[in-house]
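J.: When you get a sec, could you give me coordinates for this:
(one chain, ligands or ions: 2)
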Amino acid sequence: MIADVSKSNKIVVEKSTVPVKTAEAIEKILTHNSEGINFQILSNPEFLAEGTAIQDLFEPDRVLIGGRETPEGQKAIKALRDVYAHWVPVDRIICTNLWSAELSKLAANAFLAQRISSVNAMSALCEATGADVSQVSHAVGKDTRIGPKFLNASVGFGGSCFQKDILNLVYICECNGLPEVANYWKQVIKVNDYQKTRFVNRIVSSMFNTVSGKKIAILGFAFKKDTGDTRETPAIDVCKGLLGDKAMLSIYDPQVSEEQIQRDLSMNKFDWDHPVHLQPTSPSSMKQVSVVWDAYAATKDAHGICILTEWDEFKTLDYQKIYDNMQKPAFVFDGRNIVDVAKLREIGFIVYSIGKPLDEWLKDMPAVA
Ligand SMILES: NC(=O)C1=CN([C@@H]2O[C@H](COP(=O)(O)OP(=O)(O)OC[C@H]3O[C@@H](n4cnc5c(N)ncnc54)[C@H](O)[C@@H]3O)[C@@H](O)[C@H]2O)C=CC1
Ligand SMILES: O=C(O)[C@H]1O[C@H](OP(=O)(O)OP(=O)(O)OC[C@H]2O[C@@H](n3ccc(=O)[nH]c3=O)[C@H](O)[C@@H]2O)[C@H](O)[C@@H](O)[C@@H]1O
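T.: Ligands and ions are numbered 1, 2, ... in the order given. As a prediction, this is how the structure comes out:
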């Protein structure tokens, strides 16, 4: 399409996250479909995160521009750098060769996801030893070489990019004959899957080894707060795990629609990339799911509560009121470490918080259902 309409030399900028060497493919396609026009392909990967997109755009940690190491390539890099220089300090604009820019984006997401899997792996060890993962993260993050960000233990990372980009990296490693490197990065995803399974196992084993027929309130379905995006959200795997044991789920998320939740829970994993109209629905498991528009309605008469997204409003709920309206014993499984554990235990809840010293109740229960 670009080749069809181009009448003069063009700079084409890749913003999407792509496999390394994509620029080469784009260059070949454009060059072979036009005559006498020079196309310079630049890699300028996007680093914004959902929920903070505008802030990330205006005050980026860095802008990365990769181009050919030819005079034409360098001229194209300069043209794009001049655009960013209108609002980004020039020392934050990094210029590299094309392949470094494409790979840096995959590497950055892989490093971020790896930090979460590292702290989540530690959270399992904390539960086994009586250490507190928040205290461990704080102590570790104080080392300026490590830094404090992205060290929050959770039920697992989600979002449309981390898993996709690591799988992309793994594929590139395999294609380049580097199976050990591929396996290293695969482990980040395996630990993430393990963390979700571990969370479901904790719920089931704590609740007398079955959640069959029990009402479980799910607070939060989006992959993180301040977005309605559910792509790869850990809530899908946790809910499916609970539905597999025939739990009755009452789900509340401030921004995710009922239609989206029903669609996410009725899809098989391999269907995620397929168009909606081709996806099968499973009416029997859907009868076990209701979506409500209030945390109090979700938790009424419930046996347990799972917090799966760190929405601010979940920190300030009236947990005494919630406790009074629940079945007893009443359980809270905090997958985001946002509740005041001591306060909730005082009210009477049995509380499980990822990577925190275990409730007396849970100590007596096997970690695996
Ligand atoms: N969502 C985010 O926060 C961020 C996304 N990115 C990257 O930006 C890119 C887009 O991300 P999203 O907007 O979230 O994805 P999206 O899935 O919402 O949008 C992708 C669009 O590309 C279209 N598309 C897919 N394959 C195509 C093809 N072969 N030819 C033409 N169109 C095609 C799809 O129909 C869809 O409209 C991805 O590479 C992602 O990794 C980067 C940073 C942040
Ligand atoms: O390529 C992309 O699409 C983007 O992917 C991520 O951004 P995003 O997926 O929007 O959200 P993050 O804030 O990175 O969170 C990802 C997941 O990790 C989880 N997380 C994050 C931080 C943490 O300490 N612990 C943790 O479990 C979040 O809850 C969420 O499920 C990166 O942070 C962006 O820099 C990148 O541009």
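J.: Quick check, the residue in the stretch 151-300 of the chain closest to ligand 1?
T.: Evaluated by Cβ to the nearest ligand atom, the stretch 151-300 of the chain has Cys161 as its residue closest to ligand 1, separated by 4.7 Å. Any C-beta I mention is one placed from the backbone N, CA and C, and that applies to glycine too.
J.: Which positions in stretch 170-183 come out as buried?
T.: 170, 172-173, 182 (16 or more other Cβ atoms under 10 Å).
J.: thinking again about what came up before, not counting residues beside it along the chain, what's closest to the residue of the stretch 151-300 of the chain closest to ligand 1?
T.: Asn109 (5.8 Å; Cβ to Cβ, 6 or more residues apart in numbering).
J.: Look up phi and psi at that neighbour.
T.: Geometry field for Asn109 lists phi and psi as phi -70, psi -40, criterion degrees, to the nearest 10.
J.: check contacts around it.
T.: 17, 161-162, 165-166 (Cβ atoms under 8 Å, 6 or more residues apart in numbering).
J.: With respect to ligand 2, which of the residues you listed is nearest?
T.: The shortest separation between ligand 2 and any of the contacts of Asn109 is 3.2 Å, and it belongs to Cys161 (by Cβ to the nearest ligand atom).
J.: didn't the closest one look like it was pressed against Thr17?
T.: Yes: in terms of Cβ atoms under 8 Å, Cys161 counts as a neighbour of Thr17; the distance is 6.6 Å.
J.: of all the buried residues of stretch 170-183, which two lie farthest apart?
T.: For the buried residues of stretch 170-183, the farthest-apart pair by Cβ to Cβ is Ile172 and Ala182; their separation is 8.4 Å.
J.: returning to that earlier point: could the buried residues of stretch 170-183 go into TSV alongside pLDDT and distance to ligand 2?
T.: Below are those laid out as TSV (pLDDT from 0 to 100; distance: Cβ to the nearest ligand atom, whole Å):
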residue	pLDDT	distance to ligand 2
Val170	97	16
Ile172	95	16
Cys173	97	19
Ala182	98	20
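J.: tell me which of those residues is nearest to Ala76?
T.: Relative to Ala76, the closest of the buried residues of stretch 170-183 is Ile172; by Cβ to Cβ it sits at 24.7 Å.
J.: Is that closest one located within a helix, as I assumed?
T.: Yes: the assignment for Ile172, made by DSSP: H, G, I helix; E, B strand; the rest coil, places it in a helix.
J.: Pull the contacting residues for it.
T.: Taking Cβ under 8 Å, 6+ apart as the contact definition, Ile172 lies against 19-20, 106.
J.: Off-centre distance for the helix or strand hosting Lys321?
T.: For Lys321, the host element (DSSP states H and E) is helix 319-324. Relative to the centre of its chain, helix 319-324 is centred 30 Å away, using Cα atoms, centre = their mean, to the nearest Å.
J.: related to what we said a few turns ago, got the phi and psi for the residue of the stretch 151-300 of the chain closest to ligand 1?
T.: Listed backbone geometry of Cys161 is phi -110, psi -40, with angles given as degrees, to the nearest 10.
J.: ok so, going back, output the contacting helices and strands for the helix holding Lys321.
T.: With contacts defined as 3 or more Cβ pairs under 8 Å, 6 or more residues apart in numbering; DSSP states H and E, the secondary structure elements packing on helix 319-324 are helix 295-299, helix 341-347.
J.: still on that earlier bit, as a markdown table, the contacts of Ile172 with secondary structure would be great.
T.: Putting the contacts of Ile172 into a markdown table (three-state DSSP) gives the following:
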| residue | secondary structure |
| --- | --- |
| Pro19 | coil |
| Val20 | coil |
| Leu106 | helix |
